[in-house]
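S.K.: build me a model from this:
(chains A, B, C and D)
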2 protein chains.
Amino acid sequence: MARLQDRSSQGRRRASHSMESVLSEAVALLDEAGAPALTFRALAQRLGGGVASIYWYVASKDELLDQATDHVMGAVLADVEGLARTDDPIDDLREMAVTLFDAIVARPWLAAYFMRNTTAQSNSLRLYERLGEQTLRLDLDARQRFHAVSAIVGVVVGSAIDLGQEPPQEVLDGAVDRDEFLGRYARAWRELDPEDFPFVHEIVDEFDGHDDVDQFRSALELTLTGLRLQAGPPPSSR
Amino acid sequence: MARLQDRSSQGRRRASHSMESVLSEAVALLDEAGAPALTFRALAQRLGGGVASIYWYVASKDELLDQATDHVMGAVLADVEGLARTDDPIDDLREMAVTLFDAIVARPWLAAYFMRNTTAQSNSLRLYERLGEQTLRLDLDARQRFHAVSAIVGVVVGSAIDLGQEPPQEVLDGAVDRDEFLGRYARAWRELDPEDFPFVHEIVDEFDGHDDVDQFRSALELTLTGLRLQAGPPPSSR
DNA sequence: CGCTGTATCGAACGTTGTTCTATCGTAGCG
DNA sequence: CGCTACGATAGAACAACGTTCGATACAGCG
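M.R.: Here you go, the predicted structure:
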């Protein structure tokens, strides 16, 4: 009968990890049950080793989070860099932002960590650079470029945050699906006094069962339209 | 010699709280040293009582956070409702958003909680309503209005998040001020290869010592410009 | 063989949110 | 006045968490 891993016949063997395996399992835990599920004890158990061993690879939980985040951001960065470039930098910015947002939809826990510490997360810094390089193709000054990229990242983060904290436990467990969860809010909102909350009543049907990606794309479009206006006519038309 | 509170001459008297005092002290702790400082034991000590007593007023820490957030959001809502209305709904939206952002600058911990649970935080819901009511004055359909308000809240949250997680402990303790903290990043960024990071070098001077409020206002302006364009000409000109 | 540095692990510590159980104090009532 | 019910308080204990400590295994090399 084949044994798991390469542990030999009897008695507890010591586990042998690697930075790669530590980060992979950490990401797996985050993916499966969100940030609260990533504990040193759960991670050690998955690695088949002791709790303290993990501290040989990372100095603290903060660093573990940073490294795990950077680990997956590597793939996101590759996706962004693999995007085809057009002659419109704003179109490119949109595609980049959407790619980033898609990654966060797939891994909601990313939202809270992916821009926390750009010295420890080099892939996030590179992504920031790639976004910024598109603004270099626009007729803006340095401050406007800085603010433009901050705005775009802000839209991504802002849209992603409520996404990340939406699941109150039940959605992650699969006991309640997202539509039912939204429906509860919608039901509560519909019972508000229409005179006191005319706007909430106006949009409750839109809210019920809405798509987060649509919501994000709309917010992004407003920012990009504003940016296009700020940049003035494209250089080719001058 | 006057004694603290109204405890009588000798022996431990039981403390008597109230919802008000619990929330006030909770907010005080959050203001003084951020979210990690709000523990049941620290709160109990400030109230001069036992740990378990707090559970008579709130069922969990999550509820404590929600109620404390709603507590201060009451004042924010009052500020927003006290704003003078103009004939331009977008100008009003801007003033409201800035008022909200100012409140978050004063209390960075707000960013993470103020839109978490609108059924438990009625003041946040009311604020959401007030923002939305401005879009009722614009020529938009229901979905566009829903997305517009989401976008504005998203910009606020997105700009506020890095604000809230900036202080890595030293800034809160007052050991290191914010400019020095930004300077460290700027110094690290300046040492990157200019060929690999042209954008980062372009904007590092803007980043160094930048004002968060400027950054936010710029991001907000892009969204509002996009929204104004989307809404088309004002009804008066038709 | 012994030494050294790398890598591992169990046990323990302090702090956190939460629960259990016991108790106090006062308003209401006979 | 005494008794009771209940609103309100609190200490002790529990499980889970991040983190540290000291001991120990293993491979490479002289």
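
S.K.: please make it C-alpha for all contacts and neighbour counts, starting now.
M.R.: Fine.

S.K.: contacting residues for the residue nearest the centre of chain A?
M.R.: Per Cα atoms, centre = their mean, the C-alpha nearest to the average position across chain A is that of residue A:104, at 2.9 Å. Contact criterion Cα atoms under 8 Å, 6 or more residues apart in numbering or on different chains gives A:110-111, A:160 as the residues in contact with residue A:104.

S.K.: list the buried ones in the strand or helix carrying it?
M.R.: Take DSSP states H and E as the rule and residue A:104 turns out to sit in helix A:89-106. Within helix A:89-106, the residues that qualify as buried are A:89-90, A:92-105, counting by 16 or more other Cα atoms under 10 Å in any protein chain shown.

S.K.: can you pull out the helices in chain A?
M.R.: Listed in chain order, the helices of chain A (DSSP state H) span A:19-33, A:40-47, A:61-81, A:89-106, A:122-135, A:142-165, A:170-173, A:178-190, A:198-207, A:212-231.

S.K.: got the angle for the longest one vs helix B:212-231?
M.R.: With axes from the mean of the first three to the mean of the last three Cα atoms, to 10 degrees as the basis, helix A:142-165 and helix B:212-231 are set at 80 degrees to each other.

S.K.: what does the fourth one give?
M.R.: Between helix A:89-106 and helix B:212-231, the angle comes out at 110 degrees (the same axes, to 10 degrees).

S.K.: cool, the first one as well?
M.R.: Calculated by the same axes, to 10 degrees, helix A:19-33 forms an angle of 50 degrees with helix B:212-231.

S.K.: and the third one, by the same measure?
M.R.: Between helix A:61-81 and helix B:212-231, the angle formed by their directions is 40 degrees, by the same axes, to 10 degrees.

S.K.: so is helix A:61-81 next to DNA strand D?
M.R.: Yes. Applying Cα under 7 Å from any atom of the strand, one finds helix A:61-81 touching DNA strand D at A:61-62.

S.K.: quick check: buried residues in that helix?
M.R.: Of the residues in helix A:61-81, A:64-74, A:76-77, A:80 count as buried by neighbour count, 16+ other Cα under 10 Å.

S.K.: same check, this time on the second one
M.R.: Buried residues in helix A:40-47, defined by neighbour count with 16+ other Cα under 10 Å: A:40, A:43-44, A:47.

S.K.: average pLDDT for it?
M.R.: Helix A:40-47 shows a mean pLDDT of 97.

S.K.: for the third one, same thing?
M.R.: With pLDDT averaged residue by residue, helix A:61-81 scores 98.

S.K.: pull the residues that contact that helix.
M.R.: A:23-24, A:26-27, A:58, A:96, A:99-100, A:103, A:110, A:113-114, A:116-117, A:120-124, A:126-127, A:130.

S.K.: that helix vs helix A:122-135, what angle?
M.R.: Using the same axes, to 10 degrees: helix A:61-81 against helix A:122-135 is 40 degrees.

S.K.: ok and helix A:61-81 relative to helix A:40-47, angle-wise?
M.R.: Using the same axes, to 10 degrees: helix A:61-81 against helix A:40-47 is 60 degrees.

S.K.: helix A:61-81 vs DNA strand C: in contact?
M.R.: No. Residues of helix A:61-81 are not located near DNA strand C by Cα under 7 Å from any atom of the strand, the shortest gap being 12.7 Å.

S.K.: report the rounded mean pLDDT for stretch A:85-102.
M.R.: 98.

S.K.: so it, near chain B or not?
M.R.: No. Stretch A:85-102 does not reach chain B (Cα under 8 Å from any Cα of the partner chain); its nearest approach is 13.2 Å.

S.K.: which positions in stretch A:129-136 come out as buried?
M.R.: A:129-136.

S.K.: now, which of those sits nearest residue A:203?
M.R.: residue A:131 (32.8 Å; Cα to Cα).

S.K.: so can I have JSON lines of the contacts of residue A:104 showing neighbour count?
M.R.: Formatted as JSON lines, these follow (neighbours: other Cα atoms under 10 Å in any protein chain shown):
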{"residue": "A:110", "neighbour count": "27"}
{"residue": "A:111", "neighbour count": "24"}
{"residue": "A:160", "neighbour count": "27"}
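
S.K.: columns pLDDT and distance to residue A:85 on top of those, output as a markdown table?
M.R.: Below are the contacts of residue A:104 laid out as a markdown table (pLDDT from 0 to 100; distance: Cα to Cα, whole Å):
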| residue | pLDDT | distance to residue A:85 |
| --- | --- | --- |
| A:110 | 96 | 26 |
| A:111 | 93 | 26 |
| A:160 | 93 | 25 |
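
S.K.: make CSV from those and add distance to residue A:221 to it.
M.R.: Listed next are those as CSV, based on distance: Cα to Cα, whole Å:
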residue, distance to residue A:221
A:110, 22
A:111, 20
A:160, 16
